[in-house]
Structure formats: C-alpha cells, structure tokens
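# fold the following.
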Amino acid sequence: MKMWLFAETQASGWTTFFQAVQALSVVIGIGISLFALNQWKSEHLGKKTIDMAEELLILFYQARDAIREIRFPGITAIDLERVERMPNEPLDVYKSRLYAVHLLNRLHHRAEVFRRLETERFRFMARFGGDIESQFTSVISIYAEIKKAAMQIQHEIANEIEKRFTENREIQYESVATRISEETKIAKEDLASETPDRLEKKLSETVKAVEDICRPIIQAANK
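A predicted model of the protein is given here:
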C-alpha cells in the first residue's frame, strides 16, 4: 500500500514537473517570438526610414536642378523663331519677352516635380517631423515666385503693346524695361555674378538643410 502511494506521489510529482517545464517552454517560446518580432519590426522600420531619406533627398535634388534649369538664361535658336521681334523693339525688351515665353514653357514641363513636393510633404513630415515642412515650403515658394515673375513680364509687355492700338501711340519700351527689371532678375539667374543671387542662395540653403537631415541616416546604414 505504501509503495503504491509512493509511486502515485512520485508520478504526480513528475507530472507537475513536466507541466512546469512545458509552461516554461511556452513562456520562453513567446519571449523568443516577441523578441524576433520586435527585431524584425525595428529592422523593417529602420530600412523604411533609410529608403524614405534617400527618396526625400532625391526629390529635393530634382527640384534644385529643375529650378536651375528653369532660370538658366540661355535661349536657343528655335526659341528665337517662335517669338517674332516687333518693329523698333529694343533687343533687351525683346529678349525679356522671349525669355518669359520660354520660361513659362520650362515651368510647365518641370511642374511635376513641384506637384510631388506639394502632395507628398505630409508623408515625409510624418516620418521626419513637422520641422521639415519649412524646406518644402521654401522650394515651392521659389517655384511660385519664378512663375509669377514670368507671367508679370508677359502681362506688362502685352499691356504696353495693347496700348499702342487703344491709345494710338508708340510703345514705351523704356518704361516696360524698367517695370520688368525686378521680375527679370527673379526669372533669370545671373551667371556672370561671382556670388549667388537671392533665390539661388535660398535654394542652396534649403537643399543643405535636407541633406543635414537625410545624410546621417543614409551614411549610418552604410557603415
């Protein structure tokens, strides 16, 4: 009888032991799974941040190159054929009018880059913080300022040409040249200057600020 009780007690002890081991195994398994999940999540989020940093930097490089291309003062022979020079029109006024037409074409062809800046800025703000919004606003405002200047140049010249017929007088080209002088400076980069103009300086500073955010993230991933 005693042996039976001892055997039963011993069996019960082993059962309890195995149950404890089984429970411990479950706990360890859950712990390992959670650790693996957290590690995967961390790696996944880290990779996503790196990918977005690269994407953000590329987007601003594209915007920078687009603005520089738009403001480039060069005009092709094809452009000269598209816009006819009016009788007695001074060369500088004609070039401003010609450049305004060419500028609006460039703005139209490169508009997609700036549409992306507008539509995707909130996605990048969610990842890198709200402070980065100022960099988006800065580049978009440069684009808007150039576009406004180009339209103003065209408006001033067209308005003066219209007065030639409505008021029956000669076109006052000198007056036009004076009125569009500031707009021309905005629309056209002065490559002859040794120092960058206001818009180029603003553009460079904006891109540099984005580089300061993105490059450390990208470089840390490559170590």
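# which intervals of the chain have sub-threshold pLDDT?
Using pLDDT under 70 as the threshold, the predicted model of the chain has low-confidence ranges 1-46, 76-81, 160-174, 221-223.
# which element is Arg116 on?
When elements are assigned from DSSP states H and E, Arg116 belongs to helix 111-128.
# list the buried residues of that helix.
By neighbour count, and taking 16 or more other Cβ atoms under 10 Å as the criterion, the buried residues in helix 111-128 are 113-114, 117, 121, 124, 128. (Each C-beta comes from the backbone N, C-alpha and C, glycine too.)
# contacts for that helix?
With Cβ atoms under 8 Å, 6 or more residues apart in numbering as the contact definition, helix 111-128 has outside contacts at 48-49, 52-53, 56, 59, 62-63, 66, 132-133, 136, 139-140, 143, 213.
# most neighbours among these, which one?
Counting neighbours by other Cβ atoms under 10 Å, the top entry in those is Ala63, with 26 neighbours.
# quick one: the helices in this protein, in order.
With DSSP state H as the definition, the chain shows helices at residue ranges 2-71, 77-82, 91-109, 111-128, 133-166, 173-179, 181-187, 198-221.
# for the helix holding Arg116, output the C-alpha coordinates as CSV.
Output in CSV follows, covering the C-alpha atoms of helix 111-128 (Å, rounded to 0.1, in the frame of the first residue of the first chain):
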residue,chain,number,x,y,z
ALA,A,111,5.8,71.2,-62.9
GLU,A,112,5.5,67.5,-62.0
VAL,A,113,8.5,67.8,-59.6
PHE,A,114,6.8,70.6,-57.6
ARG,A,115,3.4,68.8,-57.7
ARG,A,116,5.1,65.9,-55.9
LEU,A,117,6.6,68.3,-53.3
GLU,A,118,3.1,69.5,-52.7
THR,A,119,1.3,66.2,-52.4
GLU,A,120,4.0,64.1,-50.6
ARG,A,121,5.3,66.6,-48.0
PHE,A,122,2.9,65.3,-45.3
ARG,A,123,4.1,61.7,-45.8
PHE,A,124,7.7,62.9,-45.2
MET,A,125,6.6,65.1,-42.3
ALA,A,126,5.0,62.1,-40.6
ARG,A,127,8.4,60.3,-40.8
PHE,A,128,10.9,63.1,-40.1
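# tilt between that helix and helix 133-166?
Taking axes from the mean of the first three to the mean of the last three Cα atoms, to 10 degrees, one finds helix 111-128 and helix 133-166 inclined to each other by 160 degrees.
# ok and helix 111-128 relative to helix 91-109, angle-wise?
Using the same axes, to 10 degrees, helix 111-128 lies at 50 degrees relative to helix 91-109.
# helix 111-128 to helix 198-221, inter-axis angle?
Between the direction of helix 111-128 and that of helix 198-221, the angle (the same axes, to 10 degrees) works out to 50 degrees.
# for stretch 102-110, buried residues please.
Of the residues in stretch 102-110, those buried (16+ other Cβ under 10 Å) are 102-104, 106-107, 110.
# which residues sit against it?
For stretch 102-110, contacts defined as Cβ under 8 Å, 6+ apart pick out 66, 69-70, 75, 79, 143, 146-147, 150-151, 153-154, 187-188.
# dump those residues to TSV, plus distance to Val93.
Listed next are these as TSV, based on distance: Cβ to Cβ, whole Å:
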residue	distance to Val93
Ala66	27
Glu69	24
Ile70	21
Ile75	14
Asp79	16
Tyr143	25
Ile146	20
Lys147	21
Ala150	15
Met151	17
Ile153	10
Gln154	12
Ala187	14
Lys188	14
